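A.B. asks: no sequence for this one, just the structure:
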């Protein structure tokens with residue numbers, strides 16, 4: 001039998017992207033929904049999936065009011081899941097977060113009253129977290145100093161490319177009221193990103209999943225673990241839902257960015273399940289091989305995620 005290879009090798013990086021837990025220290029969020037139950041539902045689904053992500057990235061609005069106790073509870077829950085899965089957590093600021101508590105209770109850093117921008121390295125993949133929060137307001141902004149920091153970080157390319165994490169998505173909202181809390185001065189951010197090695201932008205804020213392009217870079221917006229938006233309405237209407245939660249599965253194949261929405265919740269199964277062993281058998285029977293290594297644009301090979 002003649003064998004041939006798939007168009008893409010196995011991914012070099014597999015990540016999970018979640019957003020907007022809106023944790024409160026006690027009681028219900030807005031008197032109606034329990035954000036802890038929503039987050040646990042999503043984390044349970046991630047753990048049960050067997051995906052084994054390198055990192056779980058939270059793209060902001062970690063708490064609803066910036067309460068120190070809410071940050072402590074959030075971290076305790078997430079750290080337990082991360083420990084069991086052997087993964088790490090990357091946090092980003094949102095407009096509902098409080099910078100000093102965020103730094104001291106999630107990053108274990110001395111708090112400073114300025115934007116919390118950070119770099120993380122996942123092997124050859126660089127993750128840049130840009131703080132778009134504007135204290136006291138819901139809209140997002142990125143200062144000139146932040147753009148200069150970002151430009152300096154991007155001067156040198158990373159082997160597997162860069163992911164940018166920013167709470168406010170730099171794309172048009174699909175709900176009219178979204179313009180009140182959108183990211184402002186997007187042109188300045190685009191000027192820094194164009195031509196860089198950024199292969200994907202991860203955002204939250206909207207409480208619904210969305211995909212777009214910004215500065216010729218794919219944008220993936222994760223829905224919320226707390227509550228979601230019903231988009232089956234006219235654009236000038238808005239209604240929150242206590243359900244329809246999901247997380248985004250991010251796979252990077254030799255600098256090709258792929259993001260897929262994974263719904264959570266109980267749904268009837270359909271058809272016979274296909275095991276990993278059966279998948280391998282079918283691929284072998286068809287003469288198809290998925291390479292475990294891909295060619296690195298900078299030279300050499302890239303090991304696939306296993």
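C.D. replies: On my side now, so go ahead. From a predicted model like this one, the values you see are computed outputs, not experimental measurements.
A.B. asks: now this structure, which segments are flagged as low pLDDT?
C.D. replies: Applying pLDDT under 70 to the chain flags residues 1, 294-306.
A.B. asks: count of neighbours near residue 28?
C.D. replies: By the criterion of other C-beta atoms under 10 Å, residue 28 has 12 neighbours. From N, CA and C alone the C-beta is placed, and that goes for glycine too.
A.B. asks: Quick one: residues contacting it.
C.D. replies: Contact analysis of residue 28 by C-beta atoms under 8 Å, 6 or more residues apart in numbering lists residue 34.
A.B. asks: for it, phi and psi?
C.D. replies: Main-chain dihedrals, residue 28, degrees, to the nearest 10: phi -100, psi 150.
A.B. asks: now the one 10 residues further on
C.D. replies: In terms of degrees, to the nearest 10, the main-chain angles of residue 38 are phi -70, psi -40.
A.B. asks: Could you verify my assumption that it touches residue 227?
C.D. replies: Yes: contact criterion C-beta atoms under 8 Å: residue 38 and residue 227 qualify, at 7.2 Å.
A.B. asks: more neighbours, those two?
C.D. replies: Higher neighbour count among residue 38 and residue 227: residue 38, with 24 against 21, using other C-beta under 10 Å.
A.B. asks: What distance do you get for that one to residue 266?
C.D. replies: Using C-beta to C-beta, to the nearest Å, we find residue 38 at a distance of 15 Å from residue 266.
A.B. asks: try residue 169
C.D. replies: Residue 169 is 30 Å from residue 266, where distance means C-beta to C-beta.
A.B. asks: How about residue 135?
C.D. replies: Residue 135 is 40 Å from residue 266, by C-beta to C-beta.
A.B. asks: So these two - more neighbours on which side?
C.D. replies: More neighbours surround residue 135 than the other of residue 135 and residue 266, with 11 against 5 (other C-beta under 10 Å).
A.B. asks: can you tell me which residues contact the closest residue to that one other than its chain neighbours?
C.D. replies: Among residues not flanking residue 135 along the chain, residue 99 sits closest, at 7.2 Å (C-beta to C-beta, 6 or more residues apart in numbering). Residue 99 sits next to 93, 111-116, 131, 133, 135 when contact means C-beta under 8 Å, 6+ apart.
A.B. asks: could you say what helices and strands the biggest helix by length in the chain packs with?
C.D. replies: Criterion DSSP state H: the longest helix present in the chain is helix 68-85. Here helix 68-85 touches helix 35-49, strand 55-58, strand 88-91, helix 99-106, going by 3 or more C-beta pairs under 8 Å, 6 or more residues apart in numbering; DSSP states H and E.
A.B. asks: Tell me which of those lies nearest to residue 81.
C.D. replies: Ranking those by proximity to residue 81 (C-beta to C-beta) places helix 35-49 first, at 4.7 Å.
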